[in-house]
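>>> take a look and give me a structure for this.
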Amino acid sequence: MEIMAFEHFKEDFINADTDKKVEMYVSTEGLTQYQYRELLKLFPYNEIDKLEKALA
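Numbers count the residues shown, from 1 in each chain. You can find the predicted model right below:
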């Protein structure tokens with residue numbers, strides 16, 4: 001994903017609730033490894049189990 005598009009995507013990710021964050025993380029195509037890591041850093045640690053279940 002291009003840098004500017006990712007910055008807007010990241011803002012939406014930050015403002016989303018946990019369920020939407022999970023959906024965005026698992027369904028968005030075209031992200032680089034770096035971009036996935038950036039999003040993971042923004043994911044609420046105490047809710048990481050929801051993301052793990054979605055990725056299983």
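
>>> now do the same contact list for the nearest residue to E38 once chain neighbours are set aside.
In space, and not counting its chain neighbours, E38 is closest to K10: 6.6 Å by Cβ to Cβ, 6 or more residues apart in numbering. Glycine gets a C-beta too; all of them are placed from N, C-alpha and C. Neighbour list for K10: 38-39, 42 [criterion: Cβ atoms under 8 Å, 6 or more residues apart in numbering].

>>> kindly report the same for L40.
Contact analysis of L40 by Cβ under 8 Å, 6+ apart lists Y25.

>>> kindly indicate whether the residue nearest to E38 is helix, strand or coil.
helix (DSSP: H, G, I helix; E, B strand; the rest coil).

>>> look up how far L51 lies from it.
Separation of K10 from L51 (Cβ to Cβ, to the nearest Å) stands at 16 Å.

>>> list only those of the contacts of K10 flagged as buried.
L39 (16 or more other Cβ atoms under 10 Å).

>>> any chance of the contacts of K10 in a markdown table, plus distance to G30, secondary structure and pLDDT?
Shown next, in a markdown table, are those (distance: Cβ to Cβ, whole Å; DSSP: H, G, I helix; E, B strand; the rest coil; pLDDT from 0 to 100):
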| residue | distance to G30 | secondary structure | pLDDT |
| --- | --- | --- | --- |
| E38 | 14 | helix | 96 |
| L39 | 13 | helix | 96 |
| L42 | 18 | helix | 95 |
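
>>> all set now, cheers.
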